[in-house]
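>>> build me a model from this:
(4 chains)
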Amino acid sequence: MLKKLQAIGLCMVLTILSGCWSSRELTDMAIATALGIDKEGDRIKVTVQVINPSENAGQSFTSRTAVTTFTTTGDTLFESLRRLTTLTPRKLYLSHIRIIIFGEEYAKQGIADSLDFISRDHEMRTDFHFAIARGYGAQDIVNILTPIEKIPANKIFSTLESSQDFWAPTKVVQLDELISSMTSKGKEAVLTELLILGDLNKGSNIENVQSVPSYTSIKSSGLGVFHNEKLVGWLDENESRGFNMITDNVHDTVGVVPCGNKGNLTIEAYKNSTEMKGSIRGDTPNITVNFTAEANLADISCTIDFTKQKTIKKYEEKLAEEAKNVMKDSLEKARDLEADIFGFGELLSKSNPKKWKKIEEEWANIFVNDLNVDFKADVNIRRTGTTTQPFLDNISKKKQEE
Amino acid sequence: MKKKFWSFTGKYKKKTAKPNQDQLQTSSQHQQPLLGMLQDDVKYIQSSMGSSADFETRFFQIGTDFPVEAAIIYIDGLVDKNFVHNFIMETLMVDIRTTDQGQNPHEVKDILTQLKSRSLAASDVTEVMDYKSVFEQILSGNTVLLLNGFMKGLAISSPGYDSRNIEEPSSQTVVRGPKEGFTEVLKTNTSLIRRRIKNPNLWIESRKIGQTSNTEVAVCYINGIANDDIVQEVNRRLDNINIDGILESGYIEELIQDETFTPFPTLYNTERPDSICAGLLEGRVAILVDGTPFALLAPTVFIHYFQATEDYYQRSDIGSLMRLLRFLCFFLALLTPSAYIALTTFHQEMIPTPLLISLAAQREGVPFPAFFEALMMEITFEILREAGTRMPRAVGSAISIVGALVLGQAAVEAGIVSSAMVIVVSLTAISSFVTPAFNMTISIRILRFGFMTLAAVFGLIGIILGLIIMILHLTSLRSFGVPYLAPMGPFITSDQKDTLLRLPFWKMRERQKLINKKNVVRENTPSPKPPGNKN
Amino acid sequence: MFKAFSVLLGAGLVFILDYRSLKANKKWDRRVYIVIFAISLGVWMLYIFNVQFPYVIQVVEKIYNPIFDSFNQKLEQKQSFRVH
Amino acid sequence: MIEKGKIDARQFTILVVMYTLGTSIIAIPSTTASYAQENAWITVLLTSLIGLLIVFLLNQVNKINHHKNIFELFEYVFGKWVGKGITVFFLLFVFIVAGKNLRQIGDFMTTHVLVETPIQVIMLIFVLTSLYGVKLGLEVISRTGEIFFPYAFFSLVLMIIFVAPQAEFKNIQPIMVNNTEGAFLTIFPTLGTPYFELVVFLAILPYVNRIGPGKKSFYIGVGIGSLLLFAVTLMSLLVLGPDFSARNVYPTYILGKKISGVQFLERIEILVAIAWFFTIFFKITINFYVLSLGMSHLFNLKTTKVLSTPLAFLLIIAGLYLAPNLIAYQNFLAHDLAPFAGTFGILLPFILILTARLRKINKKKKKRRKNKRF
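As a prediction, this is how the structure comes out:
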């Protein structure tokens, strides 16, 4: 028994003497939430958004801001992050990063060099999103304070998630998807754009969150298109929506078609799915995109008779046509940019691996010129909301009677 | 060497191990037979006991025509005085005079037998031949009658000492279930068991343990259900005990357990008779010690500590849920502080961002590392708990007020500890008292500090390695030959019905496999069916 | 030097604690134990003083490479991110 | 018999499952995906079928004499001195395998979990825990296995279920079109760990209390283990894609990071990692135990635990001097482990059976001759 006591004592002494290599106290680390990466000459400029914990939780808040940013430059991403320790009071902790933003200039020169660090570092997880600052540097976006969400990175993160869920034009991209679409031969990457609305300089001031309308806000609407690791162009809102429709990335969206004499009919398409089929007949690759949606009527601002099956049929067709056009526009834009963002090549490589081998090298050219893409769309209106017939008709009648 | 508890005839068998020199001398002197000279005998006995203040002798004469010199010896306070007066003194001094007139007691060949069989209206009368047994008898609260000219005496059972009434057990309370608890008197305790199991197969063997204290220890089991090997093993280990005195069953527990170096208890103790009876019915062996309300049960397995008797009194689904809750609390009590340390100092990526921010905000300004903070708070809590137990009742409330203020508010407001830490400590404290058996709680508390150290050095990995070591240790333990982690490691499928869950009685048809090897079927009630459904 | 000293100290402690458990065993057992312990300590000392052993896998490689080289070459052809 | 404990068939199954999963569960998806790309799951499936064949072979070895462990069999079949010689080489193999496992867990921890902690310390705490198990004996190890198995098993299964919604079947398409040859070639290196290493169970098999169920449980154990390996590989291909799986050193851990079901079920990859610690711990402990057992047979010692303490410290050195760096180690896993382990894991049992058959035939012939004489 004495022997065992000694053994345990020995173990205790050893563990205590050996110290705690990997431990770090919460008070010793700066929790980073957003990372902005820009180019400055040949060097990489990194802006980190760091949480100021006592301003985010607890009982007494002071007038200090909820986050702070630090900027530094270095030859590589890792070097500049480490150089940040000369600025930050504590060591950066990267596991809780919500979003990584690339500046437009930097994205145009290629983002591959920073992606390697991001995938290699053990602190980095894979559950954050990527975005590109359109027209600005990433630093500018990271610096902006946002209302409601105290931590701007969280705001951007949840904006991206909710707009993907309820509004079609954006897309959240995570690390593994980004890397695999960059390395895949038959696919190009896209990343969401972020825009700054309003006055850039006021945005980073605490006044921005102290007034009822914010002076500056961050918006996300379109997509940035990559060719390999370089940003080559932008899809606008409508084209982005087309892109998402083709790649089956629409959860819930809104469709508008003109109706009657004047006015619009708006539907909420809630069950969208797209099926892509690829085949190579002879030497011409062929892609069929079949889009189906189930929709509810959401908003009618014209006078039509919606009690008739025929009317519904008519508008279903109109909506389908509209959907096809949107998808076609998107494809045209992608062809202009010479980037197969839809993964048509990858699709062909899965369905016709042998023939794909032959056209693999030529693919960029084939995508732009020879590829034959058929769009099919099918929209079904299932329900009409809580009312059936619009009352606008009655209002106009009343007007006439008066 | 088996003897029945109710008759105190058995001789105290000498211990196998050598007693020390002094004891040897006196005991050999006491082994001498009675002289038969009343005055000398009494004088010897009195002087042997150092003329103690509570030693009482009463000389008198039996019979009138041919009086016999007689004396009764007893210890004041151990005997029921009324009994001695009414049934011994009165019989011998008054009744004999009226009934046995004309008889010459000296002519009656065996006056002792006569007295025993005809006169003494006491239920338990035995003969004593030597000093040793005289001491034994009077010290057990019996009255010894010595007659002049006879080389033996009679021991009349007349115990009647003041004792605590049967009360509700304070260490294990129930909402539903019997509220009787054991008392300090062995006979009361055995009667409490007898009253619950009315079966001749309930065997109670008694022996005296302790060279000096001569404490009575009873081994209790149901013949035919209990495993004979285990009964024998219990007896063997009890016989091997050579100690000066036994004051509580804890002495026995420590002296007969399989593995001495372990934080886990390998013998179950309880002051609830129903708990003991349940154990006996499962085939366990109970060890009752005179002078303490805590009885022992052997063999014991780990899960036994998480099974309260109330599980069986409530409906089975409630019992099962309560049991699962207790296991959860076991892990909470064991691991909460260490998990907190591991998460906040090693694995911050595991904490959801909002929670991390909140924790970081709380820790802002706390001057100590998380490990030290946790250690400090845990030790403070242990101090408070210990103070609460040992303090006189009157100041108990003061402790709780100070404790609440120290642990709760002041420390947090002063920024010495974070409020999350207070939550962790209180959760741990509450969880640790959910376990129905208090001695398991103690082992959890000891191990908790080990886990905290491991967590501070290696994070979760340390905790996991600690758990592996703990389970390795637990599986290596045995209680009277039964693997300590029995129905789980080794896994016994049929015993799972009463392990983590308690299934309805009509499902638990068999007794636990490893404890009980013969007579496995426990009950055979058909599973209940709704009445009226006759086809 | 400090490392070597602490390893020696540790080894001494381990030896004292562990050797005791062997007392009941045969003489031969204890002799084997001491030899293996000495080997273990020796290897540790070599490690502390940075004496370069050949790495285990290099030895294994030397033995097996002649036979399996062609197979491995073939396998490497199938590596997904082979640098051309 | 040096080991006096007996384990039952279920405990043996659990030990086999733990051993099969062991280090393979974090290594296999990466190695197979890098050579067989999207067909890696087929490779793992075929490998596990071959694995069952290996179990058949090992059971045949056990059939030579049910009551003798492999070290006793060596002496029984080859004679005392040749047997001892082979025992030395076999122990060297077990020693290297145990060191390899130790190194693997050390590498994993210093990569993902305890980055700043020296690898020696991680190896030390693991080996000390194992040492405690080995000292307590086979019965205790296998009972502890029973306690931890449910956690290890269910957390892996749950991980597979939770990441399943993110599976994309296009990641493994086209099936068996590209790089078919690679998929078949990869079978051999994949066999190296764990299937060729299963031979160590020949030292434990005789201690299963009933021989028949023991053999059956060997199949079941390898079957369950292989199924989990297959499922994890498949999921890692489906969710992460072949390229990302191949690129990561420990794709299974990244797979754990992908778990996101309900809000609070995120960020729990370490809980999955803990499940592998259990399996790896048991793998190290079994190897270490067999090593101690073998040493005791080699030197005719009284108990298995005599040499375990010095061996524990030797194992750390073996782990440290296994490979100069991670790249070399991965190359070793892909190129040289399979032939090395194969020599002991399949060639040796084969020779053992062959020799036994030949000798038995001789004995029978001798008997016949004797019979004829009379």
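>>> assign B:Glu184 to helix, strand or coil.
coil (DSSP: H, G, I helix; E, B strand; the rest coil).
>>> now the closest residue to it other than its chain neighbours: how far from chain A?
Leaving aside its chain neighbours, B:Glu184 sits nearest to B:Gly291 (5.4 Å; criterion: CB to CB, 6 or more residues apart in numbering or on different chains). C-beta coordinates here come from the backbone N, C-alpha and C atoms, glycine included. When distance is defined by CB to the nearest CB, to the nearest Å, B:Gly291 is 28 Å away from chain A.
>>> assumed B:Gly291 was part of a helix.
No. Under three-state DSSP, B:Gly291 sits outside any helix and is assigned coil.
>>> and for it, the neighbour number?
15 (other CB atoms under 10 Å in any protein chain shown).
>>> wait, what's in contact with it?
B:184, B:186, B:215, B:246-248 (CB atoms under 8 Å, 6 or more residues apart in numbering or on different chains).
>>> nearest to chain C, out of these: which one, please.
B:Ile246 (31.6 Å; CB to the nearest CB).
>>> residues touching the closest one, list them.
Applying CB under 8 Å, 6+ apart, the residues contacting B:Ile246 are B:209-210, B:213, B:215, B:217, B:252, B:289, B:291.
>>> show me the contacts for the closest residue in space to it that isn't next to it in sequence.
Excluding the flanking residues, the one nearest B:Ile246 by CB to CB, 6+ apart is B:Thr215, at 4.1 Å. Contacts for B:Thr215 (CB under 8 Å, 6+ apart) come out as B:208-209, B:245-247, B:289-291.
>>> what do you get for B:Ser316?
B:502-505.
>>> B:Phe294 too?
With CB under 8 Å, 6+ apart, B:Phe294 has these contacts: B:182, B:248-250, B:269-271.
>>> now with 7 Å?
If you count contacts by CB atoms under 7 Å, 6 or more residues apart in numbering or on different chains, B:Phe294 has them with B:248-249, B:269-271.
>>> what residue in the stretch 401-535 of chain B comes nearest to chain A?
B:Val457 (4.8 Å).
>>> contacts made by the helix or strand containing that residue with the rest, please.
Secondary structure assignment for B:Val457, by DSSP states H and E: helix B:438-458. The contact list for helix B:438-458 (CB under 7 Å, 6+ apart) reads A:12, A:15, A:18, A:20, A:23, B:171, B:263-265, B:269, B:305, B:330, B:333-335, B:337-338, B:341-342, B:371, B:374-375, B:378, B:382, B:432-433, B:435, B:462-463, B:465-466, B:470, D:114, D:125.
>>> any residue of stretch A:114-122 up close to chain C?
No. Shown here: stretch A:114-122 not in contact with chain C (CB under 7 Å from any CB of the partner chain), separated by at least 12.6 Å.
>>> so is that stretch next to chain D?
Yes. If you take CB under 7 Å from any CB as the test, stretch A:114-122 does meet chain D, through A:His122.
>>> and the residue nearest to B:Ile246, what are its phi and psi?
phi -80, psi 140 (degrees, to the nearest 10).
>>> beta partners of it?
Beta-bridge partners for B:Thr215, by DSSP bridges, are B:Ile209.
>>> got a list of what the spatially closest residue to A:Asn372 that is not a sequence neighbour touches?
Nearest residue to A:Asn372, sequence neighbours excluded (CB to CB, 6+ apart): A:Asn286, at 4.9 Å. By CB under 7 Å, 6+ apart, A:Asn286 lies in contact with A:279-280, A:372.
>>> A helix includes A:Asn286, no?
No. A:Asn286 is assigned strand when assessed by three-state DSSP, not a helix.
>>> from chain B, how far off is it?
46 Å.
>>> and the nearest residue in space to B:Thr300 that is not next to it in sequence, how far from chain D?
Spatial nearest neighbour of B:Thr300, excluding adjacent residues (CB to CB, 6+ apart): B:Tyr268 at 4.2 Å. As judged by CB to the nearest CB, B:Tyr268 and chain D stand 21 Å apart.
>>> surely B:Tyr268 meets B:Leu297?
Yes. Counting by CB atoms under 7 Å, B:Leu297 is a contact partner of B:Tyr268 at 4.1 Å.
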